[in-house]
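Participant: with the input below, show me the fold.
(one chain, ligands or ions: 1)
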Amino acid sequence: MCRHAAWLGAPRPLTSLLDDPGHGLLRQSYAPRHQRCGAVNADGFGIGWYDPHHREPVRYRRSVPIWTDANLPALAGAARSGCLIAAVRSATPGMPLEESATAPFTEGRWLLSHNGRVSRDAVRPLAGDREPESACDSAWLAAAVFARLGAGSPLCDAVAAVVVPAGLDDPGARLNLLVTDGDAVVATAWHETLFVHLGEGVLLASEPVDDRPGWEPVPDRHLVLATPDGVRVQPL
Ligand code: GLN
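Facilitator: Numbering: from 1, shown residues only. Here you go, the predicted structure:
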């Protein structure tokens, strides 16, 4: 399954999630340590961040292995923000291999990444009349969450209102989401690994991006809300 990570804290470049740390997403794309399915994440990658001069986030994604993009290191070094998100993809069998199936998905102020898989039949009813941008299960999840956020639901409520019913409907679902509006990050652990690290800010990641002490596993079927005030963990 894919790997993803987010940062909330003082502004940093995106390289802080990708290749600065010893086990960043670049390394996790070919040598993940905690991945339950798949050995490489070579079906695409994406990054998202917030620029103070724009209301909407900046999102860059491609459907090639992250290590093949020669333009990424300079871009990721210049992309600085207090809220960062990045993902490397290992496509679930049967899902399309295309840029529009690659996280992070975005709408308005929001960015969303999915680590896992889910039956699309379990998500379709949650998306209302929304059409996802790709037939990929993750795009359906994004459409369902964005529909709730667009209707005014707070971040935690919108995420829980999709993850819980989809997970109950499909017992084989793995529904680790990272969703942000630039001010707060919500992450779920639902049958995939999720770790949190609290220091000068908050790091949330499928697996630790470095070997520093302080990484804590998030219990399964729990939601983490990270804000500038700290972290709250609650059962789903
Ligand atoms: N199911 C999603 C996809 O195919 C996410 C894959 C993953 O987590 N490996 O893109």
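Participant: how about the residues of this structure by the ligand?
Facilitator: For the chain, the contact set with the ligand under Cβ under 6 Å from any ligand atom comprises 1-2, 89-92, 95, 101, 114-117, 136-138. Placement of C-beta: from N, CA and C, glycine included.
Participant: quick one: which helix or strand includes Arg36?
Facilitator: Under the assignment given by DSSP states H and E, Arg36 is not contained in any helix or strand.
Participant: measure it to Asp20 for me?
Facilitator: Distance, Arg36 to Asp20, using Cβ to Cβ, to the nearest Å: 26 Å.
Participant: which of the residues of the chain next to the ligand count as buried?
Facilitator: Taking 16 or more other Cβ atoms under 10 Å as the criterion, what is buried in the residues of the chain next to the ligand is 1-2, 89-92, 95, 101, 114-117, 136-138.
Participant: return the distance of the longest strand belonging to the chain from the chain's centre.
Facilitator: The residue-count maximum for a strand in the chain (DSSP state E) belongs to strand 3-13. Relative to its chain's centre, strand 3-13 lies at 11 Å (Cα atoms, centre = their mean, to the nearest Å).
Participant: give the other helices and strands that the helix or strand immediately after that strand in the chain contacts.
Facilitator: Later in the chain than strand 3-13, the nearest helix or strand by DSSP H and E is helix 15-18. Contacts defined by 3 or more Cβ pairs under 8 Å, 6 or more residues apart in numbering; DSSP states H and E place helix 15-18 against strand 3-13, helix 25-28, helix 72-78, strand 80-88.
Participant: wait, Leu225 sits on Ala184?
Facilitator: Yes - counting by Cβ atoms under 8 Å, Leu225 touches Ala184, with 6.4 Å between them.
Participant: for the helix or strand in which His114 is found, which strands pair with it and how are they oriented?
Facilitator: Per DSSP H and E, His114 falls inside strand 110-117. Strand 110-117 pairs in its sheet with strand 105-107 (antiparallel), strand 174-180 (antiparallel), by DSSP bridges.
Participant: next, count neighbours for the nearest residue in space to Asp19 that is not next to it in sequence.
Facilitator: Leaving aside its sequence neighbours, Asp19 sits nearest to Leu26 (Cβ to Cβ, 6 or more residues apart in numbering; 4.4 Å). Using other Cβ atoms under 10 Å, Leu26 has 24 other residues around it.
Participant: pull up the gap between Leu26 and the ligand, please.
Facilitator: Counting by Cβ to the nearest ligand atom, to the nearest Å, the separation of Leu26 from the ligand is 17 Å.
Participant: tell me who's in contact with that residue.
Facilitator: Neighbouring residues of Leu26 by Cβ atoms under 8 Å, 6 or more residues apart in numbering: Leu18, Asp19, Ile66, Trp67, Val88.
Participant: strands of the protein, residue ranges please.
Facilitator: Under DSSP E, the chain gives strands at 3-13, 45-49, 58-62, 80-88, 105-107, 110-117, 174-180, 185-189, 195-198, 202-205, 215-217, 222-227, 230-235.
Participant: would you turn the helices and strands packed on helix 15-18 into JSON lines with distance to Ala151 and mean pLDDT?
Facilitator: What follows is those, written out as JSON lines (distance: least, Cβ to Cβ, whole Å; pLDDT from 0 to 100):
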{"stretch": "strand 3-13", "distance to Ala151": "24", "mean pLDDT": "97"}
{"stretch": "helix 25-28", "distance to Ala151": "32", "mean pLDDT": "92"}
{"stretch": "helix 72-78", "distance to Ala151": "34", "mean pLDDT": "97"}
{"stretch": "strand 80-88", "distance to Ala151": "23", "mean pLDDT": "97"}
